[in-house]
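Okay, predicted coordinates and the sequence, questions at the end:
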Amino acid sequence: MDTKEHFKFSTGVIAYPILFVLTIWLVFWFEVRFGVNFSKYGVYPQTLKGLRGVVFSPFIHGDIQHIYHNTVPLFVLSTALFYFYRPIAWKVLFFGILISGFLTWCIGRPSYHIGASGLIYVLVSFTFFKGVFAKHYRLIALSLVVVFLYGSMIWYAIPSEEGISWEGHLSGLITGLLFAFFFRSEIAKPKKYAWERDDFNEDDDPFLKHFDENGNFIETFEPEEEQEQPSINYTYKKHSEND
């Protein structure tokens, strides 16, 4: 697949993340405006009813601080996803929500787990590990940026504070790592020069023709064209006796 198909700006690079962020804010506004609480639609581990949270939980947040802290990283990371990994962006988002949510359902404490933080951890993990595995300079640079901005989030994937779903965060990290291994053939490949290709023939390279099989430089001299010798013509003028 052509590298240009990945690193190409389009309307969707910005529009899709904005739409996703607006959706979670619209849900939050609806809760506040009409005095309802959707927390019961979150992931509740090891219960059949709690499985519905696998789909709904990323759109539900407990308070303004919760949704605010998730909005910026969700927008930044999903924008990077659609720009650098556009062919697989929707797969990462869709299956990231499902798999991380299901893992949370499997290992979580008996409580409602809500918020888009699980998906954020999927994006952080996937973006970092995929850039390292791909060995593409742009993707590696993206990985370093992600580590710089969100590297400290790793501490929230272990039991640290009460009220934080570290199980959802850990599930997101695991899911992103699995995706980094799974999505191998559909990412940008580093550019290969002619001599790195399998079908490269040294005899066709004009530069390598100047070296022998041992790498020694072959001195070649082209015969110089014979140059026409310049001629000098002298004009004599005979002086008369009257001069």
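Noted; the coordinates are in hand.

contacting residues around residue 109?
Residues in contact with residue 109, defined by CB atoms under 8 Å, 6 or more residues apart in numbering, are 45, 167. To be clear about C-beta, it is placed using only N, CA and C from the backbone, and glycine gets the same treatment.

And what about it, helix, strand or coil?
Look at residue 109: counting by DSSP: H, G, I helix; E, B strand; the rest coil, its state is coil.

With residue 28 instead?
Of the three states, residue 28 takes helix under three-state DSSP.

who does the helix or strand bottoming out on mean pLDDT in the chain touch, helix- and strand-wise?
Least confident helix or strand, the chain: helix 137-150 with a mean of 85, by mean pLDDT, DSSP states H and E. Applying 3 or more CB pairs under 8 Å, 6 or more residues apart in numbering; DSSP states H and E, one finds that helix 137-150 contacts helix 64-84, helix 117-134.

how about that helix: buried residues?
Using 16 or more other CB atoms under 10 Å as the test for burial, helix 137-150 gives 139, 140, 142, 143, 146, 150.

The first one and residue 84 touch, don't they?
Yes - with the criterion set as CB atoms under 8 Å, residue 139 and residue 84 qualify as a contacting pair; they are 6.3 Å apart.

pLDDT score assigned to residue 2?
What the model reports for residue 2 is a pLDDT of 47.

ok, the residue nearest in space to the middle of the chain to residue 76 distance?
The residue lying closest to the centre of the chain (CA atoms, centre = their mean) is residue 84, at 4.2 Å. To residue 76, residue 84 is 12 Å away according to CB to CB, to the nearest Å.

pLDDT weak spots in this structure?
Low-confidence segments of the chain, defined by pLDDT under 70: 1-8, 185-243.
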